[in-house]
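S.K.: below are the sequence and a predicted model for it; my questions follow.
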Amino acid sequence: MAGHEIPEPADRKQVADPLSDPLAAEQERRPCDPAFRHGVVVGFDGSTSSERALAYAIGMSRRTGSGLIIVHVANRLPTTVWAGCEPPVFVDVPDHRTEVLGLELACADYLAEVPWVLVERGGDICHELEEVGREYSADAIVVGSTHGLVGKIFGSVAGRLARRAQRPVVVIP
């Protein structure tokens, strides 16, 4: 007996079996509430275009009788400047904006008609919206269009998402 061995508690559940089917582990992570399966995912950051996207998504969710998954993606900033030999490392910046958005949404009367959940993610907006859409088996992803210099230089989130998404993307002007 080398080192310290900690006995496993008898009541401990095994989280994942490495030999089991990865599809079964993925199904366990999905939400239990059937109101959010095949729901509508909407990207929301509090901007005017995201508010318009949210309004459209609420109507879409109401018409289809499904849940609304509101996604706020926190900012990521590079910790190093790319020097040509190594790609930059990104770090998630604590974003208290999600808490503020959550409080604003909880007090909003227009969300009383549909079941909704606020999901916070960190990373690339397009990837995270598509990932949430996959996790919830969403019927559509709704985003607002980008107006501005940043969108023209780097490409808009809506355009990148529409090119790579595996489900319908609705872009609200």
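M.R.: That came through fine. Everything numeric here is computed off the predicted structure, so don't read it as measured data.

S.K.: for Pro173, which non-adjacent residue is closest in space?
M.R.: Excluding its sequence neighbours, the residue lying closest to Pro173 (Cβ to Cβ, 6 or more residues apart in numbering) is Ser145, at 5.1 Å. C-beta: built from backbone N, CA, C; applies to glycine.

S.K.: strands along this protein, start to end?
M.R.: Per DSSP state E, the chain carries strands over the ranges 40-43, 68-74, 76-78, 90-92, 116-122, 140-144, 169-172.

S.K.: among these, which is the most enclosed?
M.R.: Mean neighbour count, computed with mean count of other Cβ atoms under 10 Å, is highest for strand 40-43 among the strands of the chain, reaching a mean of 28.

S.K.: follow-up on the earlier one: could you export the strands of the chain as a markdown table, including distance to Ala158?
M.R.: Listed next are the strands of the chain as a markdown table, based on distance: least, Cβ to Cβ, whole Å:
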| stretch | distance to Ala158 |
| --- | --- |
| strand 40-43 | 9 |
| strand 68-74 | 14 |
| strand 76-78 | 19 |
| strand 90-92 | 22 |
| strand 116-122 | 17 |
| strand 140-144 | 5 |
| strand 169-172 | 4 |
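
S.K.: go through those and name the closest to Arg163.
M.R.: Among the strands of the chain, the nearest to Arg163 by Cβ to Cβ is strand 169-172 (9.1 Å).

S.K.: I'd like the average pLDDT over that closest one.
M.R.: Per-residue pLDDT over strand 169-172 has a mean of 93.

S.K.: that strand pairs with which strands?
M.R.: Here strand 169-172 is paired, per DSSP bridges, with strand 140-144 (parallel).

S.K.: output the partner strand as PDB, nothing but the C-alphas.
M.R.: Extracted in PDB, the C-alpha atoms of strand 140-144 (Å, rounded to 0.1, in the frame of the first residue of the first chain):
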ATOM      1  CA  ALA A 140     -34.600  27.400 -33.600                       C
ATOM      2  CA  ILE A 141     -32.000  30.000 -32.500                       C
ATOM      3  CA  VAL A 142     -33.100  33.600 -32.600                       C
ATOM      4  CA  VAL A 143     -30.400  36.400 -32.600                       C
ATOM      5  CA  GLY A 144     -30.400  40.100 -33.300                       C
END
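
S.K.: use 450 as the first number from now on
M.R.: Taking 450 as the first residue, the last one we looked at is strand 589-593.

S.K.: what angle separates that strand from strand 517-523?
M.R.: 50 degrees (axes from the mean of the first three to the mean of the last three Cα atoms, to 10 degrees).

S.K.: residues contacting strand 589-593, please?
M.R.: If you take Cβ atoms under 8 Å, 6 or more residues apart in numbering as the criterion, strand 589-593 is touched by 489-492, 496-503, 505-506, 509, 578-579, 582, 606-607, 610, 614, 616-621.

S.K.: no more questions from me, cheers.
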